[in-house]
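Q: Let me see the structure of the following:
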Amino acid sequence: HITFPLLIPTLFTLLTLVIVASFKSYNIIMALTEGGPGGASRTLSFKIYEDSFKYGYYSIGAAESVFFAAFIIFINSIFNRIRSSWERKN
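A: This is a model prediction of the structure:
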């Protein structure tokens with residue numbers, strides 16, 4: 001019998017991977033809408049691409065990339081703390 005506490009480490013790993021992968025949505029947006037009508041489907045990764053390569057603002061794109069990476073690391077550390085507290089409890 002498989003119980004829920006045994007699946008928790010796997011579920012947290014999958015949740016982390018899905019959240020990080022959801023931030024990498026540039027390919028779909030570029031292929032389908034190129035930013036959408038009036039920028040409706042713009043995300044941060046698409047904005048980084050536009051600022052860096054479309055408009056030539058390399059320094060702004062680099063700064064946005066650093067903050068974006070820091071945000072992903074922050075989200076990942078939150079999930080790791082939740083996971084470790086859950087594992088200590090059980």
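
Q: would you list every one of the helices in the protein?
A: Using DSSP state H, the helices assigned to the chain run over residues 4-23, 26-32, 44-49, 58-89.

Q: Most tightly packed of the ones you listed?
A: helix 44-49 (a mean of 18; mean count of other C-beta atoms under 10 Å). C-beta: built from backbone N, CA, C; applies to glycine.

Q: avg pLDDT for it?
A: Regarding helix 44-49, the rounded mean pLDDT is 86.

Q: ok, and what's touching that helix?
A: Contact partners of helix 44-49, identified using C-beta atoms under 8 Å, 6 or more residues apart in numbering, comprise 23-26, 29-30, 35, 61, 64-65, 68.

Q: Tell me the confidence at Phe67?
A: Phe67 is given a pLDDT of 93.

Q: can you check Asn76 too?
A: So Asn76 comes in at 84 (pLDDT).

Q: Help me confirm that it comes into contact with Val18.
A: No: counting by C-beta atoms under 8 Å, Asn76 sits too far from Val18 to count as a contact (12.0 Å).

Q: Which residue comes closest to Phe79 once chain neighbours are left out?
A: Spatial nearest neighbour of Phe79, excluding adjacent residues (C-beta to C-beta, 6 or more residues apart in numbering): Thr16 at 5.1 Å.

Q: any idea how far the one you found lies from Leu44?
A: 18 Å (C-beta to C-beta, to the nearest Å).

Q: Give me the below-cutoff pLDDT ranges for the chain.
A: Scanning the chain for pLDDT under 70 picks out the ranges 1-2, 90.

Q: just to revisit the earlier point, next up, the contacts around the residue nearest to Phe79.
A: Contacts of Thr16 (C-beta under 8 Å, 6+ apart): 76, 79-80.
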